[in-house]
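A.B. asks: whatever this is, show me its structure:
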Amino acid sequence: MEGGRSLPLGVAVLAVLVGIFGLFVLLGGFLVVGAALFHAATSGYTAAFGSGILSGLITLILGAVILAVAFGLWRQELWAFVLALIAVGAAVIWFVGLPLYGGQGLAAVANVPAIVSVLVFVYLLAVHSDFD
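C.D. replies: Numbers count the residues shown, from 1 in each chain. From the prediction side, this is the model:
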């Protein structure tokens, strides 16, 4: 937040929610790694060990990236804005575009994830000038 700009309330809320989500993803990664280690140690079956560790490490990395984006949003960094816009845009495509493309109609997109993703996408576009 250089230049004396204030953090918009919506961006602050979004950064906090993204940070909380990132913490849960990080915790999930630790749990998956721990479960793989426990399974390998107690059963002697090591085939699941490799895939469990790999998926846990990928989840840990994803959680760290999500936390970094949360901090970047809080600091109003342009790279965090771009990553958030890409992620929310993908959510809009997933929750709105695919059902419409599949011919399911508007009733298929009248759900909370679709509405929230569209609102967050529009909000991010509205506050784009607040990011360096």
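A.B. asks: CA atoms for contacts and neighbours, from now on please.
C.D. replies: Will do.
A.B. asks: least trustworthy helix or strand in this structure by mean pLDDT?
C.D. replies: Comparing helices and strands within the chain by mean pLDDT, DSSP states H and E singles out helix 98-101 as the least confident, with a mean of 72.
A.B. asks: so which bits of it are buried?
C.D. replies: By neighbour count with 16 or more other C-alpha atoms under 10 Å, helix 98-101 contains the buried residues 99-100.
A.B. asks: packing partners for the next helix or strand after that helix?
C.D. replies: Note on helix 98-101: by DSSP states H and E, the next helix or strand toward the C-terminus is helix 112-126. The helices and strands touching helix 112-126, judged by 3 or more C-alpha pairs under 8 Å, 6 or more residues apart in numbering; DSSP states H and E, are helix 78-92.
A.B. asks: where does the protein have low pLDDT?
C.D. replies: The chain contains residues with pLDDT under 70 at 1-4, 44-50, 104-110.
A.B. asks: longest helix of it?
C.D. replies: Across the chain, the helix with the greatest residue count (assigned by DSSP state H) is helix 9-43.
A.B. asks: who are the packing partners of it?
C.D. replies: Counting by 3+ C-alpha pairs under 8 Å, 6+ apart, the packing neighbours recorded for helix 9-43 are helix 47-74.
A.B. asks: what is the orientation angle of the helix it packs on with helix 78-92?
C.D. replies: Angle between the axes of helix 47-74 and helix 78-92 is 120 degrees (criterion: axes from the mean of the first three to the mean of the last three C-alpha atoms, to 10 degrees).
A.B. asks: so what angle separates the directions of helix 47-74 and helix 9-43?
C.D. replies: Relative orientation of helix 47-74 and helix 9-43, computed by the same axes, to 10 degrees: 160 degrees.
A.B. asks: leaving out sequence neighbours, find the closest residue to the residue positioned nearest the centre of the chain.
C.D. replies: Here the mean C-alpha position of the chain is nearest to the C-alpha of Ile66 (C-alpha atoms, centre = their mean), at a distance of 5.6 Å. Excluding the flanking residues, the one nearest Ile66 by C-alpha to C-alpha, 6 or more residues apart in numbering is Gly22, at 5.0 Å.
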